[in-house]
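Colleague: Could you work out the structure for the sequence below:
(2 chains)
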Amino acid sequence: MTEDTTTPKPSRLSEEDANALVVEHQGWAESIARAVARGWNLDWRLDGLDGAAMEALIFCSRRFDPNRGIPFRGYARKRIHEAATEAARKTKGWLRGSSGKASAEAKAREISAELYGVFPELRDGYLPAQESRTGDDSEYRSAIRELLVGASVIATKQAAAEGPLPDELIDYRRMVTVMAALEPTHQWLLYRVYWDGISLRNVAVEWETDGLNVMREHKVLLLYLQKSMALGKPAVKPKVRPGLKPLVMKFQKEGSKGPFSEVLRSPQVAGAV
Amino acid sequence: MAGKDDDNNKIGKVSRTGLTKGVGAADRVGEVDRVKGAAGVKGVSAVSGVRGAGGVNSIRFEQREKLLTMVFEEAEKLASQGIIPKSQKEVVAKAVQMVIDAALVDNNEVDEASKPKK
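Modeller: Below is the predicted model:
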C-alpha cells in the first residue's frame, strides 16, 4: 500500500458562507478604501476605490481557505489595500497638477505608491520592524527614518528618469556615488528594488536565497545610506552576509562592477558638479 | 584457598578458588512516589534575542496625528544632517505621510458600517 504524499487540496467555503463573509467584512473593506483615498487626497467613491475594494473582498472570500488557520482579515487586508491603491493610480486625479504645490503632491503620491512595493508590511498596518525593541517612540522614529531614506532613493530615481534639474543632478550624483561604493551584490539589490520596482521577496526568489537574507541586507544598506549621506562621502561599506556569498561569486564571474558604478561612468552624471 | 606460611610471612600456593555464585534476579522496580508540592513558577524573564524580519510595529488610526508629526520632525532632522537632500525634503516627507495615512484603517468607521441600518 502506498501512502498518499500529495499536498491536500485547499478547501474553499461554500458560496453561502463566502457571501456571509462578504457581508460581514464589507464595512471593513470600505474603510480600507477610505484610508487609501484619505492618504492620497482622493474621493473613495467618485474615484472608484470602493468598487475595487469590494471586488477584492469578493475575490478573497472565494479563495479563502479556513483550514489554513489564518484569520480572514489577515488574509484579505493586503489584497484589498492593493486593489484600492491600484484603482487610485488609474484615476484622473492621480497625476493632477502640473506646477507648484499640486505637482509636488503628484510626485509625493507616486513615491508613496512605490514605497508600498519596498515596504509591503505597511499595507497590513505595520511600520518596518527594527532590530532593537525599545517599545517606545524611538522605534517608530527609526522606522520612519527608514521610510524617509527609502523615499529619497525613489525620488532620486524618478528625478533621473525625468531628466534631473541642475540642483537635482547634484543630489543624484551624491546618492549614486555613495551607492557605487558598495559591493556589486549590494548595488544590484538596491537597483532591482528601487529602479526595477521588484519586491524584496521576489529578489530573494530570483537569487534563490532566503527572503530574510535580502530583507536584512536591505536594512543594512539603508543604514549605510544614512551614514554616508550624513558624512557627505561613502561610509565603511558593509560586508555581504554569508547567505548571499554565491551572488558575490556570480557577479565576479560576470565581471559586473555594479549598476551604479556603471552609471557613474556615464558622461551625463560624470559631468555634473 | 591460599596456604599460609607463618614463618616467612609469605602467601604459599593457591590451592583452588571458590566457585562464583549465580547472579540473583533483579528485583522489580517498585512504585515511584508522587511528586510532592512543586513550587509555582515565580516569574518569567523577558525574552531576548528574538529578531523577526516581519513588521511588528503595528500602527493604529488613533496614533495618526502623532505619526504624521513624527514624519515631519524626522524629515527636518535628516535634511539638516544632509541625509536627505534639502530639495527633496518636502516631497519625501509628504510621500511618507501619505503612505502611513493610507495604511491607517479607522476601526470606528468599521464599527459604524457594520451596525444594522434602520
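Colleague: tell me which element A:Arg109 is part of?
Modeller: Using DSSP states H and E, A:Arg109 sits in helix A:100-118.
Colleague: starting at the chain centroid, how far to that helix?
Modeller: 13 Å (CA atoms, centre = their mean, to the nearest Å).
Colleague: Buried residues of it, list them for me.
Modeller: A:105-116, A:118 (16 or more other CB atoms under 10 Å in any protein chain shown). Any C-beta I mention is one placed from the backbone N, CA and C, and that applies to glycine too.
Colleague: Buried residues, the longest helix seen in chain B. List them.
Modeller: For chain B, the helix with the greatest residue count under DSSP state H is helix B:64-80. Residues of helix B:64-80 classed as buried: B:64, B:67-68, B:70-71, B:74-75, B:78-79 (neighbour count, 16+ other CB under 10 Å).
Colleague: which of those come close to chain A?
Modeller: Subset of these in contact with chain A: B:67, B:70-71, B:74-75, B:78, counting by CB under 8 Å from any CB of the partner chain.
Colleague: Of the buried residues of helix A:100-118, which ones also sit close to chain B?
Modeller: Okay, of those touching chain B (CB under 8 Å from any CB), that's A:105, A:107-109, A:111-112, A:115-116.
Colleague: Reformat these as a markdown table; add distance to A:Ala159 and pLDDT.
Modeller: Formatted as a markdown table, these follow (distance: CB to CB, whole Å; pLDDT from 0 to 100):
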| residue | distance to A:Ala159 | pLDDT |
| --- | --- | --- |
| A:Glu105 | 16 | 89 |
| A:Lys107 | 9 | 91 |
| A:Ala108 | 13 | 94 |
| A:Arg109 | 16 | 94 |
| A:Ile111 | 11 | 96 |
| A:Ser112 | 16 | 96 |
| A:Leu115 | 16 | 97 |
| A:Tyr116 | 20 | 96 |
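Colleague: nearest to A:Glu30, of those residues?
Modeller: Taking CB to CB as the measure, A:Glu30 lies nearest A:Tyr116 of those, at 19.6 Å.
Colleague: thinking the closest one is in contact with B:Met98, fair?
Modeller: No. Contact between A:Tyr116 and B:Met98 fails when scored by CB atoms under 8 Å: they sit 10.3 Å apart.
Colleague: A:Ala37 - nearest residue in space that isn't next to it in sequence?
Modeller: A:Trp44 (3.6 Å; CB to CB, 6 or more residues apart in numbering or on different chains).
Colleague: Chain A: helices as residue ranges?
Modeller: A:15-39, A:49-63, A:72-89, A:100-118, A:137-162, A:166-180, A:184-190, A:200-206, A:211-231, A:245-254, A:259-265, A:267-270.
Colleague: Just name the most buried of those helices.
Modeller: Ranked by mean neighbour count, the helices of chain A are led by helix A:184-190 with a mean of 23 (mean count of other CB atoms under 10 Å in any protein chain shown).
Colleague: Give me the mean pLDDT for it.
Modeller: On average, the pLDDT along helix A:184-190 is 96.
Colleague: And for stretch A:149-166?
Modeller: Average pLDDT, stretch A:149-166: 85.
Colleague: can you check stretch A:131-144 too?
Modeller: 82.
Colleague: before we move on, what about stretch A:260-268?
Modeller: The average of the pLDDT scores along stretch A:260-268 is 78.
Colleague: now could you export just the CA positions of it as CSV?
Modeller: This file holds the C-alpha atoms of stretch A:260-268, laid out as CSV (Å, rounded to 0.1, in the frame of the first residue of the first chain):
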residue,chain,number,x,y,z
PHE,A,260,25.7,52.4,-10.1
SER,A,261,29.4,52.1,-10.8
GLU,A,262,28.5,51.9,-14.4
VAL,A,263,26.1,54.9,-14.2
LEU,A,264,28.8,56.9,-12.5
ARG,A,265,30.9,56.5,-15.7
SER,A,266,28.2,57.9,-17.9
PRO,A,267,29.0,61.3,-19.3
GLN,A,268,25.8,62.9,-18.0
